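# Here is my input, please return the structure:
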Amino acid sequence: MINWREAARGPVVTHGAIGLCCLIFVIGPLSGLNAVYGTGDFLLAAQSGYFERWGVIPSELLSGAPAALVTPLTALFVHGSWLHLLGNMLFLFVFGAMAEERMGRMQFALLYVGCGYLALVVYAVAHAGSDQTLVGASGAISAVLGAFLYLFPRARVTSLFPFLFFLPLRLPAWIVLIFWFVLQWLAARSAGSGPGVAYLAHVAGFCAGFLYAWGRSRRTTRVRASAPATEGESQP
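Next comes the predicted model:
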């Protein structure tokens, strides 16, 4: 039986964002599960139109068209594939709950939406002439990672490293997240404006999230005690 009072005290924003992203993906044309969009060429046309309607197109966003100004918000809840969706939601699930608990729901919601919006705008400005569509919650989730680094530098997370044959290692969050950030920065420097991963949006979101948490801490008392281990892990 569900304890609704207990659920209401949990990371509502984190779980709500995960649920909304999953729902939008499943009922949209990109999942391939909704028969209303048809198959074959009809499905491909529906997917293309879906991206153009809800995703960020840098050249249109910078034109100042009112409809385009909304797309950095709508794009945060649209994903291009099952892998894209599940990868983003995993990161949000692992890091979002603790950040939301520390920051509070309203502040965490502002972090997620505001920094996510900013991350997509930064990418659009850097690729002003691009007509490629950008979708996904990566910028917002990168902001969560940046805030997590500031709030819980000593928390330990279990990570899988491909170059170590996916050996699970439990490391301090600051090592994992700084390593991740450096990889995104290096990838952003070599990435073009064509289709692919928007690494620059990741870098911008991460920096914005870290600065948001830092700025907020100047108005509140920062808890300096060692952070609890992430879910499923014991204290070192």
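
# Averaged pLDDT, stretch 37-53. What do you get?
For stretch 37-53, mean pLDDT is 90.

# Just the residues contacting that stretch, thanks.
28-30, 32, 78, 80, 133, 135 (Cβ atoms under 8 Å, 6 or more residues apart in numbering). All C-beta spots, glycine's among them, are computed from the backbone N, C-alpha and C.

# next one: stretch 19-32
Taking Cβ under 8 Å, 6+ apart as the rule, stretch 19-32 contacts 33-34, 37, 43, 46-47, 50, 77-82, 85, 88-89, 137.

# The residue nearest the centre of the chain: helix or strand, and which one exactly?
What sits nearest the mean C-alpha location of the chain, by Cα atoms, centre = their mean, is Ile141, with 2.3 Å. Using DSSP states H and E, Ile141 falls within helix 138-151.

# What residues of stretch 21-33 count as buried?
21-22, 24-25, 28-31 (16 or more other Cβ atoms under 10 Å).

# and the residues you listed as a markdown table, adding pLDDT?
Shown next, in a markdown table, are the buried residues of stretch 21-33 (pLDDT from 0 to 100):
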| residue | pLDDT |
| --- | --- |
| Cys21 | 96 |
| Cys22 | 96 |
| Ile24 | 96 |
| Phe25 | 95 |
| Gly28 | 93 |
| Pro29 | 92 |
| Leu30 | 88 |
| Ser31 | 89 |
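
# so which of those residues would you say is closest to Arg102?
Nearest to Arg102, judged by Cβ to Cβ, of the buried residues of stretch 21-33 is Cys21 at 22.3 Å.

# in what helix or strand does the closest one lie?
Cys21 is part of helix 12-27 when elements are defined by DSSP H and E.

# in the next helix or strand after that helix, what's buried?
Next along the chain after helix 12-27, taking DSSP H and E as the criterion, comes helix 40-54. Within helix 40-54, the residues that count as buried by 16+ other Cβ under 10 Å are 43, 46-47, 50-51, 54.

# One more: stretch 209-219?
209-210, 212-213, 216.

# any idea of the mean pLDDT in that stretch?
For stretch 209-219, the per-residue pLDDT averages 87.

# between the helix holding Cys21 and helix 40-54, how big is the angle?
150 degrees (axes from the mean of the first three to the mean of the last three Cα atoms, to 10 degrees).

# from the chain's centre, how far out does helix 12-27 sit?
Relative to the centre of its chain, helix 12-27 is centred 12 Å away, using Cα atoms, centre = their mean, to the nearest Å.

# same question, stretch 18-31
Taking mean C-alpha positions (Cα atoms, centre = their mean), stretch 18-31 and its chain are 15 Å apart.

# can you map out the helices along the chain?
Using DSSP state H, the helices of the chain run over 4-8, 12-27, 40-54, 58-61, 66-74, 82-103, 105-110, 116-126, 138-151, 173-190, 199-217.

# weakest of these in terms of mean pLDDT?
helix 4-8 (a mean of 48).

# tell me which residues in stretch 72-85 are buried?
Buried, per 16+ other Cβ under 10 Å, within stretch 72-85: 72, 75-80, 84-85.

# Could I get the CA-only coordinates of that stretch as CSV?
Extracted in CSV, the C-alpha atoms of stretch 72-85 (Å, rounded to 0.1, in the frame of the first residue of the first chain):
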residue,chain,number,x,y,z
PRO,A,72,14.3,25.8,-24.9
LEU,A,73,11.7,24.9,-22.3
THR,A,74,9.7,22.3,-24.3
ALA,A,75,12.9,20.7,-25.6
LEU,A,76,13.9,19.8,-22.0
PHE,A,77,11.1,17.2,-22.0
VAL,A,78,11.7,15.7,-25.5
HIS,A,79,14.1,12.9,-26.2
GLY,A,80,15.3,11.5,-29.5
SER,A,81,15.5,7.8,-28.7
TRP,A,82,15.1,5.2,-25.9
LEU,A,83,18.8,5.3,-25.1
HIS,A,84,18.8,9.1,-25.0
LEU,A,85,15.8,9.0,-22.6
